[in-house]
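In: Sequence and predicted model, in that order:
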Amino acid sequence: MNAHQKVIELRKLQSRADAIRRDVGISPPGTLTFIAPSALGSHDVLIVEADGFGGATTSLVEGNYPLDYLTKFEKTFPTEKDAESAAEAMATAPIRQSLT
């Protein structure tokens, strides 16, 4: 199989993977499913990034996301919904509670 044939096969596999993700209701890898400021008065941003297999990572970042930023906190969850719920809870938590 030459390189061109491998690329064609890769496209077919990607299309099939995308169709399965749609059927199962999960996001493609790297998709941001949540983004919000973390708390009133903070310059941090909360993001949730899908892993493409149903799970996701919630991250607290500081800076100019996605170009120039520092990850301050990161936790992986088994489902996108769990990660989004955690991020939403952190985004609405009072500042003093979010630091503990």
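Out: On my side now, so go ahead.

In: OK, contacts around the most centrally placed residue in the chain?
Out: What sits nearest the mean C-alpha location of the chain, by Cα atoms, centre = their mean, is residue 49, with 0.5 Å. Going by Cβ atoms under 8 Å, 6 or more residues apart in numbering, residue 49 touches 30-33, 56-57, 59. (C-beta placed from N, C-alpha, C; glycine too.)

In: rerun that using 6 Å as the cut-off
Out: The neighbours of residue 49, taking Cβ atoms under 6 Å, 6 or more residues apart in numbering as the test, are 32, 57.

In: For it, give me the pLDDT.
Out: pLDDT, the model's per-residue confidence, is 98 for residue 49.

In: Tell me how many other residues surround the nearest residue to residue 80 once chain neighbours are set aside.
Out: Of all residues beyond its chain neighbours, the one nearest residue 80 is residue 56 (4.4 Å), with distances taken as Cβ to Cβ, 6 or more residues apart in numbering. When counting by other Cβ atoms under 10 Å, one arrives at 30 neighbours for residue 56.

In: Contact partners for residue 56?
Out: Residue 56 sits next to 48, 50, 77, 80, 83 when contact means Cβ under 6 Å, 6+ apart.

In: Contact partners for the fourth one?
Out: Same thing as residue 80. 33, 50, 56.

In: Poorly predicted segments of the protein, please.
Out: Applying pLDDT under 70 to the chain flags residues 40-41, 94-100.

In: residue boundaries of the helices in it?
Out: In order along the chain, the chain carries the following helices (DSSP state H): 3-24, 80-92, 95-98.
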